[in-house]
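J.: Got a predicted structure here, sequence first:
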Amino acid sequence: MITYNLTADELLLVYLTFLAREEEGHPEYIAKWLCNGGQSKLRNLFESLKEKGIIHKDYNPEKYSPDDIEFNKNFLKGWIKCSGQLGKELFDNYPPYLTINGRMVSLKNISKKFDSLDEFFFAYSSAIKHNPEKHKEIMEILDWAKEHNHINFGITEFVLSHKWNDLQYLKDHPQEGQVESTFNVYESI
């Protein structure tokens, strides 16, 4: 808000737009806001966002369509950096448990290295330089690793040791994935 001198209404509109654009999408939030008086503010908010350089100047606010709004790349990078969105997505998609000798062990315990989830989210985002494309690659590697039972370390180990690189290697060299894992599960958790 400070960097771009955003009002609360402008920030809310940006946030609702991002929610509506998500893969699963939440258009009901923007619809509710529009029906409760947001429609009358829409044109002025978009004009202000264009003047502040948050969205491209050629956007026509006559019809609200979240997917048609082009945001300034610098604003997007700052938003991603501050929102924790990438780290949250990793956390939500990471397997929660691993069974070792019939006992379930948490893979999402971050308390030994981080004071909060927000701190973890930011650490992950920083590790990938707040790059959404790199995040997308990592999520694809994570999905592959889960499918092939290659996740045998905690989420903090995954982030701090950039384990996605090891998993990418295993994916690219499947013959080596046949060998029993040499990771010490207890150390990495």
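T.: Thanks, I have it. Numbering: from 1, shown residues only.
J.: ok, how many other residues are close to residue 142?
T.: Residue 142: 21 surrounding residues under other CB atoms under 10 Å. Placement of C-beta: from N, CA and C, glycine included.
J.: by contact count, what packs against whichever strand or helix holds it?
T.: Under the criterion of DSSP states H and E, residue 142 resides in helix 132-147. Counting contacts by 3 or more CB pairs under 8 Å, 6 or more residues apart in numbering; DSSP states H and E, helix 132-147 is packed against helix 85-93, helix 163-172.
J.: run the last query once more with 6 Å
T.: Where contact means 3 or more CB pairs under 6 Å, 6 or more residues apart in numbering; DSSP states H and E, helix 132-147 is packed against helix 163-172.
J.: So which other helices or strands are in contact with the helix it packs on?
T.: Going by 3+ CB pairs under 6 Å, 6+ apart, helix 163-172 lies up against helix 132-147.
J.: Restricting to C-alpha, output the helix or strand that comes right after the helix it packs on in CSV.
T.: Of the helices and strands lying after helix 132-147 in sequence (DSSP H and E), the nearest is helix 155-160. C-alpha atoms of helix 155-160 as CSV (Å, rounded to 0.1, in the frame of the first residue of the first chain):
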residue,chain,number,x,y,z
ILE,A,155,9.4,-29.3,3.9
THR,A,156,12.1,-27.2,5.6
GLU,A,157,14.8,-29.6,4.2
PHE,A,158,13.1,-29.3,0.8
VAL,A,159,13.3,-25.5,0.8
LEU,A,160,16.6,-24.9,2.6
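J.: Other residues contacting helix 155-160?
T.: 94, 107-108, 110, 113, 124, 127, 188 (CB atoms under 6 Å, 6 or more residues apart in numbering).
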